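1. Generate a structure from the sequence data that follows.
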Amino acid sequence: MDIFVNLINAAVLAGAPLLFGTIGEILTEKSGNLNLGVEGLMFMGAISGLAGVYFVEAAVGELSSALIVMTLAIVCSFVFGCIGSAIYGFLTITLRANQNVTGLTLTIFGIGFANFFGAVFSSANASNYMVISSAAKLAFANAPILPFLARWGESSQFWFYVNKLFFSYNFLVYFGVILAVLMALFFNRSRIGLNLRAVGENPATADAAGIAVNRYKYLATIIGGGICGIGGMYISMVTAQGVWIYNCVGGRGWIAVALVIFATWSPARAILGGIIFGGLTILRLYVPMGIPIEIYDIFPYLATILVLIFTSIRQTREHAMPKQCGFNYFREER
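-> Residues are numbered from 1 along each chain as shown. So this is what the prediction gives:
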């Protein structure tokens, strides 16, 4: 039982950056834009979130306020994710460039951008590492949000499991879950959300109904990219513990793109997908099978391939991709 509980706990932590990348891409695709640059956006968020805290500490000294550290990291990563997706939006919405090629180019750019500046900032430090202070790291550490459950867990195995499974994560995990739930309500319960879905399904009809198609596309694409950037910041701040590691995102952006299909474009189902795929990435640490580590490393990508196959076979109209996703809209052609 302990192994199972620890596995679920680790799967939630490992799946949090995937959740951010997935819901960010869902928001983008609901507007009809297929952004394959999630990997690049997560890289940009990873380096900008870490660098934002690092340089502020270098300027004013160690930051002891967790709220300031968290706000700074989120804002920096979100802004740079927005900048990257704004470039994508300008090329595909205004200039009507090919969405697939533009997204792949954004991935290459984001990876190069993050690794280059990560190396430059690290080499400027005497230790050859870009690392934030111990006090700043504590802002992203896992901590029980209900301390009384932690105390009860010392004498009761049941409450120990409850606390471990639901109330012992860092704030970004809860932020991601809340964001996914709010986004699901936004798509299904708000007029703006319904308008956005109309833009993704049939932009010409939405345009004829008086909906500002390009405005919706730009906003959804830019905000979605910013959310992907927060997912990258999670990796550099939580997974890498506030130290810049070369190529730290390591393909999670591509898994997030596949998770969009697994979740059938539903932010709520993306929570489950993030936990499942997060568990696959850390499975080797909890379920030894006597096989090489490299075999464990391919499990998430093998599952990604299987998801793409099965969802394409069993795809229903209700759970299908937005009809105009991947196609540029030109008003004069309607």
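
2. all helices in the stretch 151-300 of the chain, in order from the N-terminus.
-> Assigned by DSSP state H, counting those that start in this stretch, the stretch 151-300 of the chain shows helices spanning 157-166, 171-189, 191-201, 203-208, 213-234, 252-262, 267-281, 293-313.

3. What mean pLDDT does the fifth one get?
-> This means helix 213-234. Helix 213-234 shows a mean pLDDT of 97.

4. now it against helix 191-201, angle please.
-> 100 degrees (axes from the mean of the first three to the mean of the last three Cα atoms, to 10 degrees).

5. now do the first one
-> Computed by the same axes, to 10 degrees, the angle separating helix 157-166 from helix 191-201 equals 60 degrees.

6. helices or strands up against helix 157-166?
-> Applying 3 or more Cβ pairs under 8 Å, 6 or more residues apart in numbering; DSSP states H and E, one finds that helix 157-166 contacts helix 2-30, helix 147-153. Glycine gets a C-beta too; all of them are placed from N, C-alpha and C.

7. now these as TSV including mean neighbour count, distance to residue 300 and mean pLDDT?
-> Shown next, in TSV, are these (neighbours: other Cβ atoms under 10 Å; distance: least, Cβ to Cβ, whole Å; pLDDT from 0 to 100):
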stretch	mean neighbour count	distance to residue 300	mean pLDDT
helix 2-30	24	9	93
helix 147-153	15	31	67
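
8. can I get those helices in CSV with distance to residue 219?
-> Conversion of those to CSV gives the following (distance: least, Cβ to Cβ, whole Å):
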stretch, distance to residue 219
helix 2-30, 9
helix 147-153, 40
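
9. returning to that earlier point: need the helices of the stretch 151-300 of the chain in JSON lines (columns: mean neighbour count and distance to residue 10).
-> Shown next, in JSON lines, are the helices of the stretch 151-300 of the chain (neighbours: other Cβ atoms under 10 Å; distance: least, Cβ to Cβ, whole Å):
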{"stretch": "helix 157-166", "mean neighbour count": "16", "distance to residue 10": "10"}
{"stretch": "helix 171-189", "mean neighbour count": "17", "distance to residue 10": "12"}
{"stretch": "helix 191-201", "mean neighbour count": "18", "distance to residue 10": "33"}
{"stretch": "helix 203-208", "mean neighbour count": "17", "distance to residue 10": "42"}
{"stretch": "helix 213-234", "mean neighbour count": "26", "distance to residue 10": "14"}
{"stretch": "helix 252-262", "mean neighbour count": "25", "distance to residue 10": "15"}
{"stretch": "helix 267-281", "mean neighbour count": "22", "distance to residue 10": "7"}
{"stretch": "helix 293-313", "mean neighbour count": "14", "distance to residue 10": "14"}
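
10. nearest to residue 279, of the helices and strands packed on helix 157-166?
-> Evaluated over the helices and strands packed on helix 157-166, closeness to residue 279 peaks at helix 2-30, with 3.3 Å, by Cβ to Cβ.

11. I'd like the next helix or strand past that closest one.
-> Next in sequence after helix 2-30, counting helices and strands by DSSP states H and E, comes helix 38-60.

12. Centre of the chain to that next one, how far?
-> From the chain centre to the centre of helix 38-60 is a distance of 15 Å (Cα atoms, centre = their mean, to the nearest Å).

13. Which elements pack onto it?
-> helix 2-30, helix 66-89, helix 99-123, helix 213-234, helix 252-262.

14. so residue 41 sits right up against residue 229, yeah?
-> Yes. With contact defined as Cβ atoms under 8 Å, residue 41 reaches residue 229; the gap is 5.5 Å.

15. about what we covered before: out of the helices of the stretch 151-300 of the chain, nearest to residue 91?
-> helix 213-234 (10.7 Å).

16. Nearest to residue 284, out of the helices and strands packed on helix 38-60?
-> It's helix 2-30; of these, that one is closest to residue 284 (Cβ to Cβ) at 11.1 Å.

17. Tell me what angle the closest one forms with helix 191-201.
-> Using the same axes, to 10 degrees: helix 2-30 against helix 191-201 is 70 degrees.

18. so how far is helix 2-30 off the chain centroid?
-> 8 Å.

19. before we move on, what about stretch 203-216?
-> With Cα atoms, centre = their mean, you get 28 Å for stretch 203-216.

20. JSON lines for the helices of the stretch 151-300 of the chain, including distance to residue 33?
-> Formatted as JSON lines, the helices of the stretch 151-300 of the chain follow (distance: least, Cβ to Cβ, whole Å):
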{"stretch": "helix 157-166", "distance to residue 33": "35"}
{"stretch": "helix 171-189", "distance to residue 33": "15"}
{"stretch": "helix 191-201", "distance to residue 33": "8"}
{"stretch": "helix 203-208", "distance to residue 33": "11"}
{"stretch": "helix 213-234", "distance to residue 33": "5"}
{"stretch": "helix 252-262", "distance to residue 33": "12"}
{"stretch": "helix 267-281", "distance to residue 33": "17"}
{"stretch": "helix 293-313", "distance to residue 33": "20"}
